[in-house]
Structure formats: structure tokens, C-alpha cells
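J.: got a predicted structure here, sequence first:
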Amino acid sequence: MLRFIVVAVLVCAVHGRRIATSQSGCSVVSDQVNRLLEASNGDFKKNSLPVYTEGISQYINLSWDGTSLPFHVFLNTSKGEMRSLATLHLSSNATKCTDGNHISFEGVFQFDTLELYFSESASSYALPLHEMKSSGTFTYYVKPTVNIIIDKTRDDCHLRSFSIGSTDSVDYKFQPASQSWIEGQMLAYLLQETLRGADTTPLLVYVQEASKDFVESYFTKAWCASLNPSNY
């Protein structure tokens, strides 16, 4: 099970060189890509297949107003479900470059706000004479920009590089099953505020894996299928 370490650091970088549109054999293909995105997003919606991720089982160090506290909460969840994947759209111009038998595509894309939803989550906080527990649902929200490079040769077409660039609209929501202020609401509030001020990398790993699989299974296939063999 992937460790959920709030203070972990992930460096997401685009692999491969940036394509210049002024380069010989290169052209902007944004209109074509927009049509393919509409079709591939629609295909995903028609299939209506849920996308699951691993669950979380980790101690989380608490903080208050940016200051770390000498306490921690244990968080355990069921497997997660990634929602709103079929919202992929271009963030800037997409470029296609042709060099003999090789066709390279590059573009910067963005999803609308994605939701990583855990239908079952349990947290506990040990006090000297009492263990405070809470259960309910947990949702991670993020709006990522993704960098995509696809390579096509005479015999193969595949996603060469996929990475997350910037992230916006990051948030967390715990919905406790208990209406008790101490057992439910207070613990949920502590966790939410701690995560809002912490590094988002661990949960972003789940998002990257699920969104890459989506791009590979839908948009990459649509792009590869759109290339006419006469082009190379």
C-alpha cells in the first residue's frame, strides 16, 4: 500500500525536449486535438467504468496555524475512486512534428477539479485517558495541469511522457458519520486544517497514476488512430 506521508516531496517534470512550433515539419494542431478530446472524453463517460486507487493507512502529524504539534492522527481508508476524469481539455496550443517516419505530439492539458473520493475512512487520536475516533467519508480535490508527449513511428504509437505540472484548487473534506462535536467534527476539522497547510504530494501520486491511465487508454488511442499512414 502506497505510504501516505504528508511531508514527502515529489518532483514532477516533463520528460523529453520541448517542441518549437517554428521548427521545420511542426504545426499547431489544437483544433484537431479539441475534437479528439470531445470524442475521447465522451467515450469514457459512455463506458461508465469507475477508476479506483489504493487506500490510505498512515499516521499524520498534526499542525496548528503552521506550527507542528507533538501529536498525530491515524488515518485509514478504503480504496479510493477518482472522479471527473472526463474533463480533460487543452491549456495551451498542441504541436505535431513530423520527421521522416517519426511523428511527435506535445501539449499542455488541464483537468477540471478532480475528486479522489474515499467512501469509508476512519481516524483516531490517542489522548492520555481516551482515544478519540471518527469515521465517515474523505475527499481530496485538485485541478492539475498535465504535460503530454506522444510518439508515433511506422510500427508503434505510445504515450512517451506524462507528468503533472501545476496544481490548483487543492482542498480536503472529511464528512464524519458522527454528529458529536468532539468525536466527529473536531477531529475532522483538525485533519482538514493540517492537510490544507501541508504538502499535497502523497495524494497527488494517486491522481497522477489514475489520470495517466485515463490519458493512455482514451486520448492517446484517439490521437494515434487519427494519424493517416500516408503521413509517414
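T.: Right, received. Where do you want to start?
J.: show me which strand runs longest in the protein.
T.: strand 131-152 (DSSP state E).
J.: could you report the pLDDT at residue 179?
T.: Residue 179 is assigned a pLDDT of 68 by the prediction.
J.: repeat that for residue 23.
T.: 59.
J.: check residue 65 too.
T.: Per-residue pLDDT puts residue 65 at 69.
J.: do the one 3 residues further on as well
T.: In this model, residue 68 is scored at 73, pLDDT.
J.: ok so it is a helix residue?
T.: No. Looking at residue 68 with DSSP: H, G, I helix; E, B strand; the rest coil, it is strand, so not inside a helix.
J.: my read: it touches residue 61, true?
T.: Yes. Taking C-beta atoms under 8 Å as the definition, residue 68 is a contact partner of residue 61 at 6.1 Å. Using the backbone N, CA and C atoms, a C-beta is placed for each residue, glycine as well.
J.: avg pLDDT for the helix or strand hosting residue 193?
T.: Per DSSP states H and E, residue 193 falls inside helix 187-196. Confidence over helix 187-196 (mean pLDDT, whole number) is 76.
J.: now swap in stretch 213-220 and tell me
T.: Mean predicted confidence for stretch 213-220 is 96.
J.: likewise for stretch 162-176?
T.: The pLDDT scores in stretch 162-176 average 91.
J.: which parts of it are buried?
T.: For stretch 162-176, a neighbour-count test (16 or more other C-beta atoms under 10 Å) marks 162-164, 167, 170, 172, 174, 176 as buried.
J.: what's near enough to touch the residue nearest in space to the middle of the chain?
T.: For the chain, the residue nearest the mean C-alpha position is residue 207 (2.5 Å; C-alpha atoms, centre = their mean). Counting by C-beta atoms under 8 Å, 6 or more residues apart in numbering, residue 207 touches 82, 114, 116, 140, 142, 144, 164.
J.: state the distance from the second one to residue 26.
T.: Going back to what we said before, that points to residue 114. 31 Å (C-beta to C-beta, to the nearest Å).
J.: so those two - more neighbours on which side?
T.: Between residue 114 and residue 26, residue 114 has the larger neighbour count (other C-beta atoms under 10 Å), namely 21 against 17.
J.: the more buried one and residue 50, how far apart?
T.: According to C-beta to C-beta, residue 114 and residue 50 sit 14 Å apart.
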